[in-house]
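A.B. asks: mind looking at a prediction? Sequence and model below.
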Amino acid sequence: MTETEEKTGPPVTLIDPIDMTKLDPKFRNDISSMPNGEELSACFACSTCTAACPIANQWDYMPHQLIRMILLGMRDEVLSSKEIWECLTCFQCQERCPQKVRVTDIFFDCKNLAAEEGHVPENVLALGKTLVDKGQLYEVINDWEREDLDLEPEVPGLSIEGIQSILKSTRTGKLVEDGE
Ligand code: SF4
Ligand code: SF4
């Protein structure tokens, strides 16, 4: 369109229309009945959480929108969103919320619910698998780094079998097993 052409058609909207038939009113109660959700309904949509968030400008749904979506009962959209998994857990939003809404902790609860319903991104599952298989997330692969620091090649006292046995009896172990 050239600069002189006038725009026609409906006005551009910032968000998609909400399909009311897909709302789950129970979702709001599921989250607010958890220990982190007590202040959820006190949210007055001020967007302070979003202003504080260092990654919100990369997201389709920003923190204040996710909180609003929970309040509205948009269960599927929230639990299948990539944003809850990309949260840096820096707690900037939660620290600044004037209504004491536990934004970061609520996103943890959402992740737990999402995992129970099988919505776990592949990269998160891969991390879980590394943890269960190797007993640690980050392996020392450059022996020379330890050598430079005058350390023995292997990390001493790391019982991979012990860690594996504990992990396999946890929800993380089960999640990885089910995802294989
Ligand atoms: S800062 Fe708190 S009150 Fe404001 S929108 Fe975010 S959660 Fe709601
Ligand atoms: S905890 Fe997550 S949602 Fe909150 S400010 Fe940090 S990255 Fe953003």
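C.D. replies: Received it, and whenever you're ready, just let me know what you need. Ligands and ions are numbered 1, 2, ... in the order given.
A.B. asks: quick check: closest non-adjacent residue to residue 102.
C.D. replies: Of all residues beyond its chain neighbours, the one nearest residue 102 is residue 36 (4.4 Å), with distances taken as Cβ to Cβ, 6 or more residues apart in numbering. C-beta: built from backbone N, CA, C; applies to glycine.
A.B. asks: pretty sure that neighbour sits against residue 108.
C.D. replies: Yes: taking contacts as Cβ atoms under 8 Å, residue 36 lies within contact range of residue 108: 7.2 Å.
A.B. asks: any residues in contact with both of these two?
C.D. replies: Counting by Cβ atoms under 8 Å, 6 or more residues apart in numbering, no residue touches both residue 36 and residue 108.
A.B. asks: those two: which has the busier surroundings?
C.D. replies: residue 36 (18 against 15; other Cβ atoms under 10 Å).
A.B. asks: which residues of the protein lie near ligand 2?
C.D. replies: Applying Cβ under 6 Å from any ligand atom, we find that the chain lies next to ligand 2 at 52-53, 55-56, 63, 87-93, 103-104.
A.B. asks: out of those, which end up buried?
C.D. replies: Neighbour counting by 16 or more other Cβ atoms under 10 Å classes 52, 53, 56, 63, 87, 92, 93, 103, 104 among the residues of the chain next to ligand 2 as buried.
A.B. asks: which of those sits closest to residue 19?
C.D. replies: residue 63 (22.3 Å; Cβ to Cβ).
A.B. asks: enumerate every residue touching residue 30.
C.D. replies: By Cβ under 8 Å, 6+ apart, the residues touching residue 30 are residue 113.
A.B. asks: chain center to the host helix or strand of it, what's the gap?
C.D. replies: Secondary structure assigned from DSSP states H and E places residue 30 in helix 25-32. Distance of helix 25-32 from the chain centroid (Cα atoms, centre = their mean, to the nearest Å) equals 18 Å.
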